[in-house]
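K.L.:
Predicted structure and sequence below. I'll ask about it afterward.
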Amino acid sequence: MIMKLFSSSSRSRERFLEAILQSAIEYAIISTDLDGLITTWNEGARRILGWDETEIIGQPAAMIFTEEDQHAGILQREMAAALTEGHGSDERWHVRKDGSLFWASGQMMALTSDNGEAEGFVKILRDRTEQRENEERQRVLMHELSHRMKNTLAVVQAITSQSFRNASSMEDAEQSISARINAYSKAHDILLQQNWLGTTMATIVEATAINLGLEASGRFKARGPAVELGPQAALSFSLVLHELVTNANKYGALSVDTGTIEIEWSVRGEAGEKRLDFRWQEAGGPAVVAPSNKGFGTRLVNSSLAAFGEVALDYAPTGFILKLDASLQKLQYKTYSDAEE
C-alpha cells in the first residue's frame, strides 16, 4: 500500500512538473544530454523556435545558434560555464526553423543526479527581439536628439552673433535675431507635425510667404513638382528663403512696387542619380550691385546650401539670381546620422 502511494505521488509530481513545463509558453525550455543533443522540448520552444517536438528530439541544440556562433563553440562554452559556475548566460541572436533570427536572453544550467553527477543541461530562453528593437530605436532617437540640439544651438548662436555683427543698432539686431529665429522655429513646427520625417519644398516656400505676409501677393510666385526634403534641408531652405525675402524687401525686387520674385525648381536625372535644380530670380527692382563685402545673408546662403550641392549667386543688374544644383538624395536625408554617412 505504501509503495502504491509512493508511486502515485511520483506520477502526480511528474504530471505537475510537465504541466508547468508546457504552460510556460513565453519561455523556450530545452533539455539536452551531456553531448548537447535535445532530450525535451516544451510548447514555448515550439512557439518561439518553430520545430515540433517530434522533429527536434535527438537533434543537436547547436542548430538553434547562428552559424557564426556554432563555429565559435558558443553552446559548448555555455555548457562548460553551467558545469563550473552553476549557469551559463545567453544573450545573442538565435535561429528559428524558417531561418529567421530573433534576439534571446536566458540561462543554461546543469542537470544533476541525486549523487551530484551531471546528467545533462537545461536551457531556458525568451524572445527579446521587440525589447532589443525598442532599445535600439531609443538609442538612435537619443543620438538624433543630441545632433538636433547641437545643430539648433549652433544655428541660434550663429544667428545671434552674426546679427549683432551686422546690425546698425541694438534695435536692429533685436529685430533681425527675432525674425530669423522665428523663421527657424516655423520650420521646426512644420517638421514636428510630420514627426520630423521631412516636408515638401512647396510647404517650406509657402510657410516663408505666410511668415512674411506675401501669401496673397502676385509679386511672389513659386512653382515646381512635389519634392520631399529631409529635416536638415527643410531647415536650411527656411533660413535661406527668409534671408532672401528680407534682403529683397530691403534692397531688391520687393523694395519697389514693380519688382517680382520667381522661385522655380525641377528634378532631372544625371549619371544615375536625381538632382534638384532650384532657382530664385528677382526682376523689376533697383539695379543690382554686387556687395563689396559678404554679409550674414550671403554667408548663410552659401554655408546652408553648399552641403547639398553647388550654389551660384549672380548679381545681374536686372535682378539677383540664386541657383542650386543639388543631390536629391542629400536633400532627402531623414536624420543627421544619415547625413554623416
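P.N.:
Here it is on my side, so go on.

K.L.:
can you count the residues close to Gly86?
P.N.:
10 (other CB atoms under 10 Å). Quick note: C-beta positions are derived from backbone N, CA and C, even for glycine.

K.L.:
Could you do the one 4 residues further on as well?
P.N.:
Neighbour count of Asp90, defined by other CB under 10 Å: 20.

K.L.:
Could I get the average pLDDT for the one helix or strand Asn247 maps to?
P.N.:
If you go by DSSP states H and E, Asn247 is part of helix 231-250. Averaged across helix 231-250, pLDDT comes to 87.

K.L.:
Equivalent analysis for stretch 91-100, please.
P.N.:
Mean predicted confidence for stretch 91-100 is 93.

K.L.:
now do the same end-to-end measure for it.
P.N.:
Terminal residues of stretch 91-100 lie 17 Å apart, using CA to CA, to the nearest Å.

K.L.:
coming back round to it: show me what the helix or strand following the helix holding Asn247 is packed against.
P.N.:
Sequence order places strand 260-270 as the next helix or strand after helix 231-250, per DSSP H and E. Where contact means 3 or more CB pairs under 8 Å, 6 or more residues apart in numbering; DSSP states H and E, strand 260-270 is packed against strand 220-223, strand 273-283.

K.L.:
Show me which residues of stretch 257-264 are buried.
P.N.:
For stretch 257-264, burial by neighbour count (16 or more other CB atoms under 10 Å) applies to 259-263.

K.L.:
State the pair within these that is farthest apart.
P.N.:
Gly259 and Ile263 (14.1 Å; CB to CB).

K.L.:
Now do the phi/psi pair for Thr66.
P.N.:
Note on Thr66: backbone dihedrals following degrees, to the nearest 10 are phi -70, psi 160.

K.L.:
For it, the count of nearby residues, please.
P.N.:
14.

K.L.:
For the stretch 101-250 of the chain, give me the ranges with low pLDDT.
P.N.:
Applying pLDDT under 70 to the stretch 101-250 of the chain flags residues 140-141, 143-159, 162-163, 165-167, 173, 187-188, 190-196.

K.L.:
switch the cut-off to 90
P.N.:
Applying pLDDT under 90 to the stretch 101-250 of the chain flags residues 105-107, 111-118, 128-199, 207-219, 230-236, 238-243, 245-247, 249-250.

K.L.:
all strands of it, in order?
P.N.:
All strands of the stretch 101-250 of the chain, identified by DSSP state E, counting those that start in this stretch, fall at 101-112, 118-127, 199-200, 220-223, 228-229.
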